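Student: What follows is a predicted protein model with its sequence.
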Amino acid sequence: MRALVLGHSFIKRLSNWMRANSIVMPRDNLELHLHGVGGRTVPQVFHLDLLMVERINPDVILLQLGGNDISDSTSASDVLVKLERLITVLREKHPISTIIVASIFCRRLPRGISERSYDRKKKRVNKFLLKKFGASEQGKKVFFFTHKFFKKEYFDNDGVHLNDHGNKRFFQSILSALQLAL
């Protein structure tokens with residue numbers, strides 16, 4: 001199975017953590033590609049990263065997006081509309097690929113918005129995504145996956161990104177999500 005995890009700085013940092021810790025895939029039949037760019041938003045992925053998806057032609061696409069789209073000037077429904085548009089295009093271009101929409105992470109120190117406001121919007125988006133795409137079912141081509149490992153001690157000093165323990169748990173969570181697509 002060829003899997004692509006597409007997202008923002010969490011994915012880039014996870015890739016760096018895996019390289020620094022010589023993490024190898026526990027399954028020989030999983031070819032994992034990580035593509036993350038710091039600050040990446042859903043529209044940027046739409047405009048800048050679809051060629052990457054074409055090149056890799058994955059069986060599974062895990063989207064770890066939406067957190068950078070949450071701001072004081074956006075509503076939860078704005079973020080949901082952007083994600084749905086991206087998913088629609090991915091489904092059209094890759095009809096046999098399974099798409100996993102992963103939950104948006106909490107952030108202790110979000111930029112440009114209070115933690116409370118960010119958390120409220122994040123919860124709404126995740127709730128909408130769960131309602132729209134539900135959980136994994138046999139043969140389902142788009143589904144929502146909730147990361148359940150977050151604790152404050154998993155965050156780096158910047159209050160946004162994950163530390164080594166957080167990246168380890170994030171990696172395990174991604175593997176669990178991909179396992180559902182098998």
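Tutor: Structure received.

Student: in the chain, which helix or strand is least confident?
Tutor: Least confident helix or strand, the chain: helix 164-181 with a mean of 92, by mean pLDDT, DSSP states H and E.

Student: Show me what it is packed up against.
Tutor: Using 3 or more C-beta pairs under 8 Å, 6 or more residues apart in numbering; DSSP states H and E, the elements in contact with helix 164-181 are strand 2-7, helix 9-20, strand 60-64, strand 98-102, strand 142-145. The way it works is simple: take the backbone N, C-alpha and C, and place the C-beta from them, glycine included.

Student: And it, what's buried?
Tutor: Buried positions in helix 164-181, judged by neighbour count with 16 or more other C-beta atoms under 10 Å: 166-171, 173-174, 177-178, 180-181.

Student: List just the nearest of those to Leu4.
Tutor: The closest of those to Leu4 turns out to be Leu178 (C-beta to C-beta; 10.4 Å).

Student: Low-confidence ranges, this structure, go.
Tutor: 25-28 (pLDDT under 70).

Student: Quick check: buried residues in stretch 116-126?
Tutor: Using 16+ other C-beta under 10 Å as the test for burial, stretch 116-126 gives 118-119, 121-122, 124-126.

Student: Using TSV, please lay out these together with secondary structure and distance to Ala76.
Tutor: Listed next are the buried residues of stretch 116-126 as TSV, based on DSSP: H, G, I helix; E, B strand; the rest coil; distance: C-beta to C-beta, whole Å:
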residue	secondary structure	distance to Ala76
Tyr118	helix	11
Asp119	helix	11
Lys121	helix	5
Lys122	helix	8
Arg124	helix	3
Val125	helix	5
Asn126	helix	9
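
Student: and which of those is nearest to Ser75?
Tutor: Nearest member of the buried residues of stretch 116-126 to Ser75, counting by C-beta to C-beta, is Lys121, at 7.3 Å.

Student: In contact with Glu84, which residues are there?
Tutor: Residues near Glu84 by C-beta atoms under 8 Å, 6 or more residues apart in numbering: Lys132.

Student: give the contact list for the residue most central in space within the chain.
Tutor: The centre of the chain sits closest to Gln64, judged by C-alpha atoms, centre = their mean, with a distance of 1.0 Å. Neighbouring residues of Gln64 by C-beta under 8 Å, 6+ apart: 5-8, 10-11, 36, 102.

Student: Next: Ile100.
Tutor: Contacts of Ile100 were listed using C-beta under 8 Å, 6+ apart, and they are 60-63, 142-145, 177-178, 180-181.
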